[in-house]
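[1] quick one, fold the following:
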Amino acid sequence: MSGNTLSPVVRAGQVEQLRADLRQAQEALRAAEADLAAEQAAVNAFRMHARLILDDLADAILTLRARKQSLLTELALHAQADDDLLGPDAPSGDTPPDPDDDLPLPTPTPRDKAAEKRLYRELARRFHPDLAETAAELAYRTSVMTAVNAAYTAGDAQALYDLAGELEPEELRELAQIETREARQLRERLMQCRRRQRKVARQLDDLRRESTARLWRLARELDEPNENWWAAVRRELAAARARLQEEVAVLEERAARL
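    Next up, the predicted model:
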């Protein structure tokens, strides 16, 4: 028997193990999807309730944030045109993290463009066509990289994260080396199931980072959030609104001088 050929007994054992691994992965996936669906439903219901109480402050803060960013961009463009125009306090293109980003707003967390850029670079390293070892792998890498470039250009973060779960080129090579069709199909289904598990885990992690979800977890620590708790949240948001109003006023004055 050659070193690359499996005996019928070993091959049968391999197939049975793959079947068992697949069943286990499918059960874990079903449980993870159920957890994600339940938490998403709870957060969405809480978001609707919170918006009724905090809607005016949330909308005001979002409007002020947008105005602040617009002014920072305007000032940065002036600074690029003439480095001495604004003096040593001119804003740079890379603004520091906003301390109000962690406010308990009943709204989704803003996009993290820096994280998306890091992910794009990681995907470009993983799937670059120049690293292909075979014609089949070249076609696969080219297909994935085309989709990665399209998603990044369109600003589609969800598509980028989905592409991060695609088969690794090494996994593709592993599948090509499996002799029997049944074992290869089982292994591919197992890989797909585990990729889906990773995607669900990432979706749950993203959900838990949302400001609404953080606020929901704070409220869940109480049996029933009372009026005093909601009043404390409103005071925190009102203070943030006041800070943003002052920052915007300073930026508007600076922009007017230009």
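[2] alpha carbons only: can I get stretch 112-127 in PDB?
    Provided in PDB are the C-alpha atoms of stretch 112-127 (Å, rounded to 0.1, in the frame of the first residue of the first chain):
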ATOM      1  CA  ASP A 112     -15.400  51.900  12.200                       C
ATOM      2  CA  LYS A 113     -13.700  52.800   9.000                       C
ATOM      3  CA  ALA A 114     -10.200  52.200  10.300                       C
ATOM      4  CA  ALA A 115     -11.200  48.600  11.200                       C
ATOM      5  CA  GLU A 116     -12.600  48.100   7.800                       C
ATOM      6  CA  LYS A 117      -9.300  49.300   6.200                       C
ATOM      7  CA  ARG A 118      -7.400  46.900   8.400                       C
ATOM      8  CA  LEU A 119      -9.700  44.000   7.400                       C
ATOM      9  CA  TYR A 120      -9.300  44.900   3.700                       C
ATOM     10  CA  ARG A 121      -5.500  44.800   4.000                       C
ATOM     11  CA  GLU A 122      -5.700  41.400   5.800                       C
ATOM     12  CA  LEU A 123      -8.000  40.000   3.100                       C
ATOM     13  CA  ALA A 124      -5.600  41.300   0.400                       C
ATOM     14  CA  ARG A 125      -2.700  39.400   2.000                       C
ATOM     15  CA  ARG A 126      -4.700  36.200   2.400                       C
ATOM     16  CA  PHE A 127      -6.200  36.100  -1.100                       C
END
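[3] where do the helices sit along the protein?
    Under the criterion DSSP state H, the chain contains helices at 8-81, 113-127, 135-154, 157-164, 169-177, 181-209, 211-220, 227-257.
[4] the longest one vs helix 211-220, what angle?
    What that stands for is helix 8-81. 110 degrees (axes from the mean of the first three to the mean of the last three CA atoms, to 10 degrees).
[5] do the last one as well
    Orientation note: helix 227-257 sits at an angle of 150 degrees relative to helix 211-220 (the same axes, to 10 degrees).
[6] now helix 227-257: average pLDDT?
    Taken as a whole, helix 227-257 has a mean pLDDT of 91.
[7] buried stuff in it?
    Judged by neighbour count using 16 or more other CB atoms under 10 Å, the buried positions of helix 227-257 are 233, 237, 240-241, 244, 247-248, 251, 254. Glycine gets a C-beta too; all of them are placed from N, C-alpha and C.
[8] taking the centroid of this structure, which residue is nearest it?
    Asp206 (5.6 Å; CA atoms, centre = their mean).
[9] and the buried residues of helix 227-257, which two are furthest apart?
    Val233 and Arg254 (32.0 Å; CB to CB).
[10] show me the contacts for Glu33.
    By CB atoms under 8 Å, 6 or more residues apart in numbering, the residues touching Glu33 are Val200.
[11] quick one: least confident helix or strand in this structure?
    helix 169-177 (a mean of 78; mean pLDDT, DSSP states H and E).
[12] what does that helix contact?
    Here helix 169-177 has contacts from 126-127, 131-134, 136-137, 140-141, 167, 184, 187-188, 191, using CB under 8 Å, 6+ apart.
[13] one more time with 10 Å, if that's ok
    Residues outside helix 169-177 that contact it (CB atoms under 10 Å, 6 or more residues apart in numbering) are 4, 126-128, 131-134, 136-138, 140-141, 144, 166-168, 183-185, 187-188, 191, 195.
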